[in-house]
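**Student:** below are the sequence and a predicted model for it; my questions follow.
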Amino acid sequence: MTDQTIHLADYAPPSYLVDSVELAFKLHPSKTTVTSKINFSANPATKTRSLRLDGEDMTLNWAKINGKPVALNPDASGIDLPESLLGEHFTWECEVEINPEANTSLDGLYMSNGMYCTQCEAEGFRRITYYLDRPDVMSTFSVRIDSDAPVRLSNGNETGSGEGWVEWHDPWPKPSYLFALVAGDLVAHSDSFTTVSGREVALKIWVRPGDEGKCAYAMDSLKRAMKWDEDAYGREYDLDLFNIVAVDDFNMGAMENKGLNVFNASLVLASPETATDLNYERIESVIAHEYFHNWTGNRITCRDWFQLCLKEGLTVFRDQHFTKDMRDPAVKRIEDVITLRGRQFAEDAGPLSHPPRPGKYVEINNFYTATVYEKGAEVVGMLRTLVGAADYRKALDLYFERHDGQACTIEDWIKVFEDSTGRNLSQFALWYTSGGTPRVRVVSEDFDDGTLTLTLSQHTPATPDEDEKASRHIPVAVGLLYPDGSEAVATRVLELTKAEQSFRFEGLQMPPITSILRGFSAPVVLEQKQDNSLRAYLLAHDTDPFNRWQAGYDYALDILADMPAEATHIDRDFLKTMARAAQDSSLAPAFRAITLTLPGEAEIAREILASGHLPDPVAIHHARETLNKAMAAQMHASLPGLYAEMAVAGPYSPDAVSAGKRSLRSRALALISALEPECETARAQFASADNMSEKLPALGQLVAAGKAGAELEAFYRQWRQQPLVLDKWFGIQATRTAPENAVAVVRALAEHPDFNWKNPNRFRALIGAFAMGNLAGFHDQSGAGYALVADWMIKLDPANPQITARMATAFESWRQYAPARQQQMQAELERIKATPSLSRNTAEMISRILGDG
Ligand code: BES
Ligand code: ZN
């Protein structure tokens, strides 16, 4: 394993650059030929002239250098070119044969339901032809496709076509990871957008015939994203055509190929009957994310894959901001923080911890992580908080002006902020290069003579690759409140840079109440002793909506983390506080819904661990149900009214306000269901709902209660022809079945004729959802949950290593559990590790999780 490790410190620029690429594809399911003609020029920045081209899983038919045939012997990962033939400029030509039909890894050129499709990020292009497959090599591409498929697409603009062929040219130099080709029987949902400077852009969303009625929301999202990027970042689209294709078999969510985004169908297709509010919100944000990459990723790309968060962290930050502007910003912030803590904090607390810009990797596909994405976005957010919105915009203007057309590093990015604001950001840069979650402690709050002195300290626990952590530059947003709920001091950003530091607030009339880390201004754990009456006060009065929510959440977490197995008495004040929030019509329904949602089981587990105990996922599951039931009992008189009040009249509309009402109504339904052994309200809602946003939660309640037999059958019969809805059918059973039955149910579903395990969406809907979304089921005492997931990983690995490697993260927290469970998980990890010919992807993950060398 160690000898395959790639280090950032070893980065060297390429010996040659590419001036132009011409590709010709003759598409055939099992024998596609790809002919390439590539003009290389010596890189003036380097002295070495040896050159190796990357290439995997293909047959080389012939090759020429400067028009002369050469006999070459490729190995399993590429070809060394004979240095003596190269010179300052040379032309490389070759023909390779590849087999798209046999490509189950969904990386490179593959087939999905009869359609040809590519995925090249990060290193898939080398499975299409021999190339310098690295992001700092940028070139224009011309592509010819010979195929009788009705639709044949590539990047850029169409430059010619005839019977059985088409040609494309992309004028913008790009790295190979942004190349794309799609061909098949597709239909377009078309529209157009006029850019701020008057360019008319044709917009097309390509789907399988029959799905064209499900593209309107994605198209609307795209147009709003294009407008938003012009307004918020001054960024305009740069081609006359923007294509999006929906694909059924796709490893990821979506991909930003230049002018030809490829999407998992689940992130494009939506209709009221088949998609939930959450699906609509996700479509809006992913469409925006991939579109935003046109500037942050494509026009300015990454020098090497260590810099991945340069494009992903920034683009996630941009898509989060877009969603805030489209919907309720406080609720969006809360959702993003829940995701961050649930995934990134968990990653940072275990063996997979790494900095947003890692220093080494074995398989780059294993580094598309919550740390690179979500923490990467937080780091950009902190920069904006530190310099302010206006200076942030100035810095971004300079970034685009200075680096357009380049492949950049995190250092380039930081320098832009230093140059445009005059600040020294060297300490801030540690956020990129150092891992681990800092803990910020409120050491003291001293009030004397109208002045509050707030003392904060910071400490970052060691991570696998770094024992000693230096102090970070942490923006801590703080506000002060008076006991009557009025604001004493509006939000102010403190800059914590030392191990311990004091801050003074003067001119106060009386001792104030502190509201710290408002808006979650930094990705840290805040350690502050707060009693629950203070939390109840903040939930009622904090002027910062994030901290308002946080107070209720901490209150719940506190109760859940030390709830005895047979809890008979539950904190009445908590129940009253929650009941009040539920009824508080000054709060948006979406905010009330999220406030009434108890912390997730994984989060409770981490809280228990932090307090020095070993979490038991089964006990946590029951504690959460107990508290839910107590809340329901407290509110029972008002729940039917709330449930009725939140009904949305008229035909389904995916807008944020309607979605917010439905989400509060679903929360009310969950509470009502806790008091109804026969689930009559859920059953009635399932029967009458005309949209998936109301059908699915009702079905979820029935499944959780073990009373969904007839409804599951009806749902299956109605939707068996629609893969995205069938995924929901598998998923809801995997996540909502009571833990004691979950393993058996998932096992049985894995035998179902519709369980196409080679389809990533279906695999994730059953195995992934069980492993990550049914904590108590996965951690079943018997160890059967672990064995089930391990069995499926072993089966999937030869077909699709990327999906298998991602599944391994289900085991990342294995050391947090009691010895019996630890041993069971370790045994499964060892069993996977011992599997012959395990992929590099999965082998790296398992060895890091086990903590081997
Ligand atoms: N560039 C990625 C897609 C990608 C990921 C390619 C991993 C190769 C390997 C794309 O921009 C992306 O980030 N997609 C996300 C969704 C996004 C909204 C965070 C995804 O696919 O999950
Ligand atoms: Zn991205």
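**Tutor:** Perfect, thanks for sending it. Model, not experiment: these values are computed from the prediction. Numbers count the residues shown, from 1 in each chain. Ligands and ions are numbered 1, 2, ... in the order given.
**Student:** so the closest residue to residue 739 other than its chain neighbours is in which element?
**Tutor:** Take residue 739 and drop its neighbours on the chain: the residue closest to it by C-beta to C-beta, 6 or more residues apart in numbering is residue 776, 3.5 Å away. To be clear about C-beta, it is placed using only N, CA and C from the backbone, and glycine gets the same treatment. Assessed by DSSP states H and E, residue 776 sits inside helix 775-778.
**Student:** can you tell me the average pLDDT over the next helix or strand after that helix?
**Tutor:** Downstream of helix 775-778, the first helix or strand assigned by DSSP H and E is helix 784-796. Over the span of helix 784-796, the pLDDT mean works out to 98.
**Student:** remind me what helix 784-796 packs against, helices and strands.
**Tutor:** Contacts defined by 3 or more C-beta pairs under 8 Å, 6 or more residues apart in numbering; DSSP states H and E place helix 784-796 against helix 739-750, helix 769-773, helix 775-778, helix 801-807, helix 819-833.
**Student:** flag the shaky bits of the stretch 751-853 of the chain, pLDDT-wise.
**Tutor:** 853 (pLDDT under 70).
**Student:** what's the span of stretch 647-660, first residue to last?
**Tutor:** 11 Å (C-alpha to C-alpha, to the nearest Å).
**Student:** need the contact partners of it.
**Tutor:** For stretch 647-660, the external contacting residues (C-beta atoms under 8 Å, 6 or more residues apart in numbering) are 217, 270, 272, 277, 280-281, 326-328, 331, 588-591, 593, 661-662, 665, 690-691, 693.
**Student:** do that again at 10 Å, thanks
**Tutor:** Identification of contacts with stretch 647-660 by C-beta atoms under 10 Å, 6 or more residues apart in numbering yields 217, 220, 270-273, 275-281, 283-284, 323, 326-328, 331-332, 588-594, 646, 661-662, 665, 685, 689-694.
**Student:** quick one: buried ones out of these?
**Tutor:** 217, 270-273, 275-277, 279-281, 283-284, 323, 326-328, 331-332, 588-594, 646, 661-662, 665, 685, 689, 691-694 (16 or more other C-beta atoms under 10 Å).
**Student:** run a quick neighbour tally on residue 490.
**Tutor:** 11 (other C-beta atoms under 10 Å).
**Student:** for residue 650, same thing?
**Tutor:** 6.
**Student:** can you tell me the element it falls in?
**Tutor:** Using DSSP H and E, residue 650 falls outside every helix and strand.
**Student:** okay, the helices and strands packed on helix 784-796 in TSV with distance to ligand 2 and mean neighbour count next?
**Tutor:** Formatted as TSV, those follow (distance: least, C-beta to the ion, whole Å; neighbours: other C-beta atoms under 10 Å):
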stretch	distance to ligand 2	mean neighbour count
helix 739-750	31	18
helix 769-773	21	23
helix 775-778	28	24
helix 801-807	16	24
helix 819-833	29	17
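**Student:** so which of these comes closest to ligand 1?
**Tutor:** Nearest to ligand 1, of all the helices and strands packed on helix 784-796, is helix 801-807, at 7.8 Å by C-beta to the nearest ligand atom.
**Student:** distance from that closest one to the middle of the chain?
**Tutor:** 15 Å (C-alpha atoms, centre = their mean, to the nearest Å).
**Student:** now check it, is it near ligand 1?
**Tutor:** No. Interface with ligand 1: helix 801-807 contributes nothing (C-beta under 6 Å from any ligand atom), its closest point being 7.8 Å away.
**Student:** find the closest residue to ligand 2 in the stretch 101-250 of the chain.
**Tutor:** residue 121 (8.8 Å; C-beta to the ion).
**Student:** nearest spatial neighbour of that residue, skipping sequence neighbours?
**Tutor:** Using C-beta to C-beta, 6+ apart, the closest residue to residue 121 is residue 177 (4.2 Å).
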